[in-house]
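K.L.:
I would like the atomic coordinates for the input below:
(2 chains)
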Number of protein chains: 2
Amino acid sequence: MYFSDRGYDVVVVDNYFRRKACDELDTGLLYPVPNLIDRAKLWHQLTGKEIKVIIGDLTNDEFTRSLFNSKSNYDWALSNNSHAQPTTVVHYAEQPSAPYSMMNYKYAGLTITNNLQATNNLMWAVKDLSPETHIIKLGTMGEYGTPNIDIEEGWLVVTHKGREQKFLYPRQGGSVYHTTKIMDTDLLWFGVRNWDLRVTDLMQGPVYGNETEESKIDPRLKTLFNYDEIFGTILNRFIVQAAIDYPLSVYGKGGQKRGFLNIKDTLQCVHKAELKPADKGELRIFNQITETFSVNELATKTQKAGAALGIKVNIEHIENPRKELEDHYYNPTYQGLVDIGVVPHLLSDEYMIHALEEAISCKDNIRRDVIFKGIKW
Amino acid sequence: MYFSDRGYDVVVVDNYFRRKACDELDTGLLYPVPNLIDRAKLWHQLTGKEIKVIIGDLTNDEFTRSLFNSKSNYDWALSNNSHAQPTTVVHYAEQPSAPYSMMNYKYAGLTITNNLQATNNLMWAVKDLSPETHIIKLGTMGEYGTPNIDIEEGWLVVTHKGREQKFLYPRQGGSVYHTTKIMDTDLLWFGVRNWDLRVTDLMQGPVYGNETEESKIDPRLKTLFNYDEIFGTILNRFIVQAAIDYPLSVYGKGGQKRGFLNIKDTLQCVHKAELKPADKGELRIFNQITETFSVNELATKTQKAGAALGIKVNIEHIENPRKELEDHYYNPTYQGLVDIGVVPHLLSDEYMIHALEEAISCKDNIRRDVIFKGIKW
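P.N.:
Numbers count the residues shown, from 1 in each chain, chains lettered A, B, ... in the order given. As a prediction, the model looks like this:
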């Protein structure tokens, strides 16, 4: 919708993975969301603008290639073939949850296959069929982990025994999911070096919020909002917990620090990256966060928003189900996106109060039993 | 056979991937080799020692788990269940060829799925069913690429802005295959950090030779010997080319330097690593090479062996089908295996002459047309 609204000709490809997983795992959603085809129709009715939706699985290599091949068997879906050489592909087609990947060997395997086959198929399709296409891939700040040195934007120049080499910043993730994100960066970095692809990798921090300027025009256009431990991100979860008087579950000491951003800024970042594409043979990496907070700071902010609405919010430190440092150095750089024109929406008290009000308005949809199940690793 | 001969109780699991790929791609073998079950029978007849063979695919998670589970449906294969908690697993179950992984998107995808699912299934099976098992995994020196600084043994301490962090040595591979090897190191490193697995990663250089003390007792016990560009390693290929007066194909300038080792030393390295396992929670990395040579040096050595046998060997510099540096810094450390007792078999003129004689004795099996097909990337 963000791109469509700005005059882009947009095709969205989805296999409904997250919807299906939410059903299968019975995670619960804060409010119902129509499927993608119905949302695209609605967007057309409301704005006169058209978004083409193709339902298919990018882990199927022939399907992925068909999207770039005007002569393919699938081209009924691309009636005017205008998309066979897209200027830009925004690659969001990954299993996005760390807890999902850690539930057991099956979900771990599924995460690996999904994330790497989708990326591999895309990389080869672009190389073979549309080599000028700019790939904007979603990475995660979690690839870096929490090293004891500053986190730079993707690259690190290492001096060793009097010689120098520039490397991809060394990364180690905290789950199988995070590890697959390291892997797909490595895979695309190979494609860039070997075939002169143009790739932007956005190392995104946890996103909060569910409303954008575009979705605002109709409640049915809102994004999926998960409040469970599998697909819900921390701030969204805390707000939902506060709304139903469920103590905020802080894992361990709560000193875990991460970089965050508003959902509006994720779109702004992708758009700015599209406007100024990576060069051929360039893997351009941005750390896509706008500010950093510890878990304790987010809990306190939620408590404060509750107080403003006359709600008492309790905080509960629970045994950490994850293996992670609870008190650590964290100093990431995040200047690149600002340099290409991103203007951040920082986390304000107004936002927190507004979000909590919204969660309260959906109170009847919130199921206490799906919030925390203690997936452990 | 090396382990069986030393009193170990050995189970070998194989899906015949390489045999099938050699057939499918019509790569040619220097001599026929009986299948694994027949070889195990032969070994038993000749030595009285028994090696159990299980044919199955480790990318099948349930099959892999059955190997560690005495109550599984597959346990007819492990009649006495003695292997359900093996002391050591030597994980060789990866697609081993860079050119194979670069032929097209299908072979790239197959390499990714095979190598990562086998590793993922093994890691979870050990964690869930046999957590004391020592995993010895085959890595490759190619994970490091050819950086402009010294290659250390697996780890690098980085000082940055006055702070210090120890990282896995930053790696970038020269093919999809090499990239999957980086990925599986990352995956096992996650398993080690998260679940206290014990893992040894052997960063092996290209192996030459096909004869060991154990295989020597009968020609049918020799290892598969490929001389094609897909599965053949460089020195083996050069020797075969010399045997039939096929000019040695040096890619580009021939200044590409790599670390090598004799096939006898690969077994010695795995055995020494087994005798002194990694600790729980330790990923121990050894650079498994015994000396380094440039491609030009190997060509010259082959030429010299030819001269000793009265054969003129020509060298042809051909356009490099790969994207790689042809003249670069290369200074890898390889001390760890020596420290635990490995005594290297260095590349001697005697070895070269012996190998060339053997190739000449199999001359009638050598097909010129399968040696070089120019798989390009």
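K.L.:
need the contact list for the closest residue to residue A:44 other than its chain neighbours.
P.N.:
In this structure, residue A:44 finds its nearest non-sequential neighbour in residue A:50, 5.4 Å apart by CB to CB, 6 or more residues apart in numbering or on different chains. Just so you know, the C-beta spots here come from the backbone N, C-alpha and C atoms, and that holds for glycine as well. Contacts were defined as CB atoms under 8 Å, 6 or more residues apart in numbering or on different chains; by that measure residue A:50 touches A:4, A:40, A:44.
K.L.:
avg pLDDT for stretch A:265-279?
P.N.:
The pLDDT scores in stretch A:265-279 average 97.
K.L.:
which residues are contacting it?
P.N.:
With CB under 8 Å, 6+ apart, stretch A:265-279 has contacts from A:2-3, A:6, A:87-88, A:90, A:134, A:136, A:198-200, A:202, A:204, A:207, A:212, A:261, A:284, A:286, A:288, A:290, A:337, A:340-345.
K.L.:
so which of those reach chain B?
P.N.:
The subset of the contacts of stretch A:265-279 within reach of chain B, by CB under 8 Å from any CB of the partner chain, is empty.
K.L.:
now do stretch A:90-106, average pLDDT.
P.N.:
Rounded mean pLDDT across stretch A:90-106 is 97.
K.L.:
can you tell me the distance between the two ends of it?
P.N.:
Stretch A:90-106 stretches 27 Å from its first residue to its last (CA to CA, to the nearest Å).
K.L.:
got the buried residues for that stretch?
P.N.:
Residues A:90-91, A:93-103, A:105 are the ones in stretch A:90-106 that count as buried (16 or more other CB atoms under 10 Å in any protein chain shown).
K.L.:
ok, so of the residues you listed, who is nearest chain B?
P.N.:
residue A:105 (3.6 Å; CB to the nearest CB).
K.L.:
tell me who's in contact with the nearest residue to that closest one once chain neighbours are set aside.
P.N.:
For residue A:105, ignoring the flanking residues on the chain, the nearest one in space by CB to CB, 6+ apart is residue B:124 at 3.6 Å. Taking CB under 8 Å, 6+ apart, we find residue B:124 in contact with A:104-105, A:108, B:61, B:65.
K.L.:
please apply the same query to residue A:10.
P.N.:
Residue A:10 touches A:3-4, A:51-52, counting by CB under 8 Å, 6+ apart.
K.L.:
just the buried members of those?
P.N.:
A:3-4, A:51-52.
K.L.:
can you redo the residues you listed as TSV with pLDDT?
P.N.:
Compiled in TSV, these are given as follows (pLDDT from 0 to 100):
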residue	pLDDT
A:3	97
A:4	97
A:51	95
A:52	93
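K.L.:
so which of those belong to helices?
P.N.:
A:3-4 (DSSP state H).
K.L.:
so which of the buried ones among the contacts of residue A:10 comes closest to chain B?
P.N.:
Among the buried ones among the contacts of residue A:10, and counting by CB to the nearest CB, the member closest to chain B is residue A:52, at 24.2 Å.
K.L.:
I'd say the closest one and residue A:13 touch.
P.N.:
No. Look at residue A:52 against residue A:13 with CB atoms under 8 Å: they stay out of range, at 9.3 Å.
K.L.:
quick revisit: inside helices: which ones of the contacts of stretch A:265-279?
P.N.:
Short answer: the contacts of stretch A:265-279 in helices (DSSP H) are A:2-3, A:337.
K.L.:
now flag whichever of these is closest to residue A:21.
P.N.:
Set against residue A:21, the nearest of the ones in helices among the contacts of stretch A:265-279 by CB to CB is residue A:2 (24.5 Å).
K.L.:
quickly find the element holding the closest residue to that closest one other than its chain neighbours.
P.N.:
Excluding its sequence neighbours, the residue lying closest to residue A:2 (CB to CB, 6+ apart) is residue A:267, at 4.2 Å. Counting by DSSP states H and E, the element that carries residue A:267 is helix A:263-275.
K.L.:
go on, residue A:292?
P.N.:
strand A:291-294.
K.L.:
for whatever helix or strand comes next after that strand, which helices and strands make contact with it?
P.N.:
Counting by DSSP H and E, the next helix or strand C-terminal to strand A:291-294 is helix A:295-308. Secondary-structure packing of helix A:295-308 (3 or more CB pairs under 8 Å, 6 or more residues apart in numbering or on different chains; DSSP states H and E): helix A:234-243, strand A:248-251, strand A:315-318, helix A:349-361.
K.L.:
quick one: which of these is nearest chain B?
P.N.:
Judging the helices and strands packed on helix A:295-308 by CB to the nearest CB, what sits closest to chain B is strand A:248-251, at 15.1 Å.
K.L.:
for chain B, what's its nearest residue on the stretch 201-350 of chain A.
P.N.:
For the stretch 201-350 of chain A, CB to the nearest CB, closest residue to chain B: residue A:323, 5.2 Å.
K.L.:
per-residue pLDDT, that residue?
P.N.:
Reported pLDDT for residue A:323: 92.
K.L.:
and it, how many neighbours?
P.N.:
Applying other CB atoms under 10 Å in any protein chain shown, we find 14 residues neighbouring residue A:323.
K.L.:
now do the contacts for it.
P.N.:
Counted by CB under 8 Å, 6+ apart, residue A:323 has contacts A:174, A:377, B:193-194.
K.L.:
closest one of the residues you listed to residue A:26?
P.N.:
Distances from residue A:26 to those, taken by CB to CB, are shortest for residue A:377, at 20.6 Å.
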